[in-house]
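> predicted model and sequence follow; I will ask about them next.
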Amino acid sequence: MQVGPAARRRGFGVAAILATLVLAAAPAQAALQLIMFEQPGCPWCARWDAAIAPIYPKTTEGAEAPLTRMDIHAALPADIKLARAPQFTPTFVLLQDGSEVGRIEGYPGEDFFWGMLDGLLARAVPPLPTGPKT
């Protein structure tokens, strides 16, 4: 299994790589998707495009939650359920089986984006089993 550039960039060690391998061997999780709501002329969308867009599909996060882009003013597909309509661009909404898990409003910069996204992914994916309770 390859570890994505985001994981290598953040200096994950052997333990994190092993945890990734365990997750990869686990039964299939519910379908995850990251939607980026954007609009023409959005300077923060352009910053995200420059810093993150080229590497996102090559990362572990991109493999877990493939990116779909939507115009913030477009009608939502019927199978997508959001907690509320996005108000700012960019807004990143993590969906699990079409329902919102959480969101990142705005683009806080590369370092904060990855940490916030990892937090959302942790909420969507069930935790690893810790063994029998004693």
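Sure thing, it's come through.

> then A74 would be within a strand, right?
No - per DSSP: H, G, I helix; E, B strand; the rest coil, A74 lies outside any strand segment and is coil.

> count the residues that sit near it.
9 (other CB atoms under 10 Å). All C-beta spots, glycine's among them, are computed from the backbone N, C-alpha and C.

> how much space separates it from D118?
According to CB to CB, to the nearest Å, A74 and D118 sit 28 Å apart.

> next secondary structure after the least confident helix or strand in the chain by mean pLDDT?
Counting by mean pLDDT, DSSP states H and E, the weakest-scoring helix or strand in the chain turns out to be helix 14-25, with a mean of 38. Counting by DSSP states H and E, the next helix or strand C-terminal to helix 14-25 is strand 32-38.

> tell me which strands and helices the helix or strand following that following strand is in contact with?
Going down the chain from strand 32-38, the next helix or strand is helix 43-51, by DSSP H and E. Counting contacts by 3 or more CB pairs under 8 Å, 6 or more residues apart in numbering; DSSP states H and E, helix 43-51 packs against strand 32-38.

> what's the neighbour count on G41?
8.

> what do you get for R84?
By the measure other CB under 10 Å, the count of residues near R84 is 7.

> for it, give its distance to F37.
12 Å.

> contacts for the longest helix anywhere in the chain?
Ranked by residue count and defined by DSSP state H, the top helix of the chain is helix 110-124. Here helix 110-124 makes contact (CB atoms under 8 Å, 6 or more residues apart in numbering) with 6, 10, 29-30, 32, 34, 48, 51-52, 61, 64-65, 92, 94, 96, 101-104, 107-108.

> list the buried residues of it.
Residues of helix 110-124 classed as buried under the neighbour-count rule (16 or more other CB atoms under 10 Å) are 110, 113-114, 116-117, 120-121, 124.
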